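K.L.:
Curious how this folds, go ahead:
(2 chains)
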Amino acid sequence: MTPNITLVLVVGVLFSTGVYLLLARSVVRALIGFLLLSNGANILFLIASGRAGRAPIVGRNDGARMSDPLPQALVLTAIVIGLCMTAFMLALAHRSWQLSETDVLADDVEDTRIHRRATDNDMSESDYQDRDRPEDEPVAPHPAGLPVPDGPTTYDDHLDENDDAHDDQKTQTVTGGKEG
Amino acid sequence: MIALLVIHALAATAAPFLVRLLGRRAFWLLALPPAGAAGWALTQTGAVRDGHGPTESLRWVPSLGMNLTFTLDTLAWLMTLIVGGIGALILIYCSSYFERDAPGMGRFAGCLTGFAGAMLGLVTTDDLLVLYLFWEATTVLSYLLIGHKTTSRDSRSAATQALVVTTAGGLAMLIGIVIIGQSAGTYRISEVLAAPPTGTAVTAAVVLLLAGAISKSALVPFHFWLPGAMAAPTPVSAYLHAAAMVKAGIYLIARFAPAYSGLTEWKVTLLTLGGLTMLIGAWRALRQVDLKLLLAYGTVSQLGFISLVVGAGGHGAALAGLGLLLSHALFKSTLFLSVGAIDCRTGTRDLRRLNGLGRRMPWIAGAALLAGLSMAGLPLLMGFFAKEAAFGAFLLGPEYDAGPTGSAGADTLMLAVMVVGSILTFAYTARFLWGAFATAPRRELTEVFDAGPWLTAVPVLLGAGGLVVGLTATWIEPLLAPYADQWVAGDHPVHLGGWHGFNLALLLSVLTWACGAALFAARAPFESAQGRLPRTYSAEQVYRLAMRSLDRASVEVTGAVQRGSLPLSLALILIVFIVVPGSQLLWGGVTWPDQVRWWDNPAQPAVGLVVVAAAVAATRARRRLRAVFLLGVTGYGASMLFLLHGAPDLALTQILVETVSLVVFVLVLRRLSGKFPDDPPRAVRRWRALLGLGVGTVTAAMALTASAVRSTPPSASDLARSAVEFGGGSNIVNVILVDVRAWDTMGELSVVLVAATGVASLVFIGGDVHARGRQLIRASWERRGSYTDVGGAEGSGSRWLAEGGRLAPERRSTIFEVVTRLVFHTIVLWSLYLLFSGHNHPGGGFAAGLMCGLALAVRYLAGSRDELLAAAPVMPGLLMGAGLFLSAGVGLGAMLAGGGPLQSWIFDLHLPLLGHVHLVTSVFFDLGVYLVVIGLMLDILRSLGSRVDTQIEQQDAESVQVAGTHTESGEPAANSSPVREGPMGT
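P.N.:
Below you'll find the model as predicted:
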């Protein structure tokens, strides 16, 4: 099968310009880039479907060469999904504008926090940090002096309250760190 | 067997509801399936002994050679009895163990019942892949059961640890299974065992298989997860970590021992690890003060013992191994349940605090004593006979040079390990019984509370079971013999039970008791000696180190790669796209086309040039609207290219979508700033351009090479005939959409629905939007009845739109209203034409729906939101729901009519007036598409149009209030025109 150079060039340009805009921080600009890309992708299907021909409608162009209908069906759904994407992204841009008077994407706070943890070598959130206990150390379910519960208990783990307290404390330090 | 498994699954699913309904009594009902399984196995005892146990098979995934085959042989029979019998008793025990309204009991009951079913499937299946599925099912359920206390950090981390360790082993096992299955050419276990494949790959596979078994059965170096898993409620420990799940590994070893116990790798692995585990577990058990942990380490030790014996192979060892399996299941579950009872009734399991329980809980003490005697290997109990048999089997080595390992020296060494392990076992058993039940003088007696009767009855029952089995060991032996008979019995057969005279095995037992008793007597100095030993590197530390490194690596990688900047993340993805396929294009030896076409017809380059120019200009646009306009040019250009290519459907849809997109863009952009807010520096722009060029070049090159290598004719070449014959339409693209790929189209409709809902939810935030929408629609309906009156009041004849009178005069445009009045119905009619003719001519549901949506958009633009309500007084959700329902209904209807889902039926009717009608049922499917797309359009107009109008008006009203008298009241209203604000003017 021989490729159609004109279409190949158009696809190349649409992909290039699409990527250029997609990398922008403005949601609307990125959306426009995305739509350029998707126009390019749709035309890519034309290249893959081979030589141009008559419309794939039986009985109209008998004798003449028909274009391949299968990629067309695929592209048709893609076009409609593209419209859905447009509407949804614009609604997002609108919401972003409502909240912050801009549609520029700021850096993600959580990612920034993880990056800071990596540079600070901060492993305090690992479950496996400084909690080693030698394996054959006898582990008593009760620290000495803990009063026996009033009635029969159903669970075997009596240390839970301490655990949860520990967890809470930890959460507090984390949020405290964020604010700081 | 399949029926039993289905019953288990149903019971597990129903468990949460049963618990809600019946409380903890539900456990009684849930005990029925496992009890049924055990009972059924009992009825099959004769058949299994005679070697023709039942087999059931159901084809499942024939392409993988994976079938639901289940068979009951001796090993499966024994395991079924253990899993079902003990499972039922433990479920009954739960009915007393839990408090009346314990949280999470429903989930617990479901998981435990499901676990019993998974275990049953695991031990009865005859298919390696199905075995793997059940294997992992037990892993996941055990994770949920260990982590029962979701609020406890220890519980969660113990559950994770068990999951990580056993899943890692399970995955290794899967690789082994696949290698063995592929080498043998079958995944049927019985066929593999009948003709076991050999070779280096298979040897490696067997070792991988063992890795699964070792991790599951908590052998060194994976033993640490089992004591950790004691965070689970005690019934779970008793069932999973004594009777059932940890036995899955033993089961696997026993299953493959007849085929592979001759392999050196097999023997070395199991004998070394089993022996080590036996000693390490028992050694550590001697140091525990928590009864449950003591038992856990004891279990580790026993599992090592059983693996060693079962893995050694040989007639005697096999028989002894099954005996050990049975006795351990009985005594260890008894002991765990006793500890559960003690814990429930005293509130502690610390043997330093317990005092005098022997008198206060005599029944529990009796049960635990029976079980303990069995564990320590004292006569008349099953544990004794099994241990005697194990000693006997290995004594064959030094005595007759006919031992299981094949070398007298190795046999003697293993014997020594077993004797030392048994001495330690005796000592920790004594420590357990003494610590739990003895009465120490001068110490306060432990207070005991009352609890449910089954807390006592079940351990007593199980403990007595150990005694009964021990007394009847001679009769049980022939039942287990078929398994051992897979090896040659030899001249000196080993027996379970009975009196064999004063032989060497008995002497060893006596030695064990004596040394064990001495060790127990000297426990105080021994413990302090243990404490003085230098601390060694433990396996758990290695595990924690590995997990910590994993955490560390993930933080470093995430921190390095994911900087929180979307452009950066996208750039990373795109760089991978450029580098990987790009290097393949450059150096991968791809085929480039020999010849190319410059164009198919001369119009293509002309249109292409426009598209390219518009795209390049769009990158340079600083004003939003200019960029949108240029984007539109590329879109219309693309539709022109579609048309030139011979794709009228695509061209039509693309034009309509492009138009709708423009409207949507403008509706939103009126709220945003006129210029793009981001203006990156030149260096950033250059990087982006470089990336863009790279991606564009790689894509274009891929298009070239993909065309060059394509050799087969299009798959659609036959579609022309079938479209007419089966699809009943001549527009092949439409037939593909509504018939050939109808499922796919339905999926797409769901996406449309979700996107529309997303848009509406983002814009309508806060308040009871739905009720308000309905109210507006009702009001619009009511006004509809009185239009003539309103029109009369305004001056008749001047009203071109239904709601035109409700619009501010300065916003009205008579020409627009007149045109709208003229074209609206025509467009709607045209959309209907597109819908119904789409099967044979360009058109179809998508294009028709967009067309109708455009008609609505025109009404909205001319007469604002009230006009939109008048034009389509329905909630968009109703349209979309009805559309999807209609599409799915066509599929269901076709099924009810006896066809495949979404099959088309063709009717040719002769109707009066209309004449010949060619009706294809897929038109109803297309009607569904039509409705969904109209719903999408209506949702967009309502959200981004009407709702945003309202928001603008509210804002303006507020600013008017703030500005006070400075602003004329007419100004804000003029600004709120949907198309006249801001960006439009520029």
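K.L.:
Please count neighbours and contacts with C-alpha atoms only from this point.
P.N.:
Noted.
K.L.:
Which is the succeeding secondary structure element to the longest helix along chain A?
P.N.:
Ranked by number of residues, the top helix in chain A under DSSP state H is helix A:69-100. As assigned by DSSP states H and E, the chain's next helix or strand after helix A:69-100 is helix A:109-120.
K.L.:
In that following helix, which of the residues would be classed as buried?
P.N.:
Neighbour-count burial for helix A:109-120 flags A:111-112, A:114-118 (criterion: 16 or more other Cα atoms under 10 Å in any protein chain shown).
K.L.:
counting contacts, what elements does that helix pack onto?
P.N.:
Applying 3 or more Cα pairs under 8 Å, 6 or more residues apart in numbering or on different chains; DSSP states H and E, we find helix A:109-120 packed against helix B:539-561.
K.L.:
Run the angle between whichever helix or strand comes after the helix it packs on and helix B:539-561 for me.
P.N.:
Moving toward the C-terminus from helix B:539-561, the next helix or strand (DSSP H and E) is helix B:566-587. Per axes from the mean of the first three to the mean of the last three Cα atoms, to 10 degrees, the angle that helix B:566-587 makes with helix B:539-561 is 90 degrees.
K.L.:
hmm, helix B:566-587 in reach of chain A?
P.N.:
Yes: using Cα under 8 Å from any Cα of the partner chain, helix B:566-587 reaches chain A at B:566-568, B:570-571.
K.L.:
tell me the SS of residue B:907?
P.N.:
strand (DSSP: H, G, I helix; E, B strand; the rest coil).
K.L.:
residues near it, how many?
P.N.:
Counted by other Cα atoms under 10 Å in any protein chain shown, the residues lying close to residue B:907 total 12.
K.L.:
is it true that it touches residue B:922?
P.N.:
No: the pair residue B:907 and residue B:922 does not pass the contact test of Cα atoms under 8 Å, sitting 11.2 Å apart.
K.L.:
So what sits opposite residue A:4 in the bridge?
P.N.:
Beta-bridge pairing for residue A:4 (DSSP bridges): residue B:597.
K.L.:
burial measure for it, as a count.
P.N.:
Residue neighbour count, defined by other Cα under 10 Å, stands at 24 for residue A:4.
K.L.:
quick one: it and residue A:38, what's the gap?
P.N.:
From residue A:4 across to residue A:38, the span is 19 Å (Cα to Cα, to the nearest Å).
K.L.:
Identify the residues contacting the residue nearest to residue B:939 when sequence neighbours are not counted.
P.N.:
With Cα to Cα, 6 or more residues apart in numbering or on different chains as the criterion, residue B:939 has its nearest non-adjacent residue at 5.6 Å, and that residue is residue B:876. Neighbour list for residue B:876: B:934-936, B:938-939 [criterion: Cα atoms under 8 Å, 6 or more residues apart in numbering or on different chains].
K.L.:
any low-confidence regions in chain A?
P.N.:
A:61-64, A:130-180 (pLDDT under 70).
K.L.:
how is it carved up into domains?
P.N.:
As given by automatic domain parsing, the domain ranges for chain A are A:5-52+A:68-105, A:140-175.
K.L.:
What count of nearby residues applies to the nearest residue to residue B:444 once chain neighbours are set aside?
P.N.:
The spatial neighbour of residue B:444 that comes closest, neighbours along the chain excluded (Cα to Cα, 6+ apart), is residue B:355 at 7.1 Å. Residue neighbour count, defined by other Cα under 10 Å, stands at 22 for residue B:355.
K.L.:
and stretch B:670-682, how far apart are its ends?
P.N.:
Using Cα to Cα, the two ends of stretch B:670-682 sit 29 Å apart.
K.L.:
and that stretch, does that touch chain A?
P.N.:
Yes: Stretch B:670-682 reaches chain A (Cα under 8 Å from any Cα) through B:671-672, B:676-678.
K.L.:
and that stretch, how far out from the chain's middle?
P.N.:
Here the centre of stretch B:670-682 is set off from its chain's centre by 44 Å, with Cα atoms, centre = their mean, to the nearest Å.
K.L.:
and that stretch, which residues are buried?
P.N.:
Applying a neighbour-count criterion of 16+ other Cα under 10 Å, one finds B:670-678 buried in stretch B:670-682.
K.L.:
swap in stretch B:719-738?
P.N.:
Across stretch B:719-738, burial judged by 16+ other Cα under 10 Å covers B:719-720, B:722-724, B:726-738.
K.L.:
cool, and stretch B:128-142?
P.N.:
B:128-142.
K.L.:
who touches it?
P.N.:
B:66-68, B:111-112, B:114-115, B:118-119, B:121-123, B:125, B:159, B:163, B:166-167, B:170, B:174, B:177, B:181, B:187-189, B:240, B:245, B:248.
K.L.:
among those, which are in helices?
P.N.:
B:111-112, B:114-115, B:118-119, B:121-123, B:159, B:163, B:166-167, B:170, B:174, B:177, B:181, B:189, B:245, B:248.
K.L.:
could you pick out which of the residues you listed are near chain A?
P.N.:
Applying Cα under 8 Å from any Cα to the ones in helices among the contacts of stretch B:128-142, none is adjacent to chain A.
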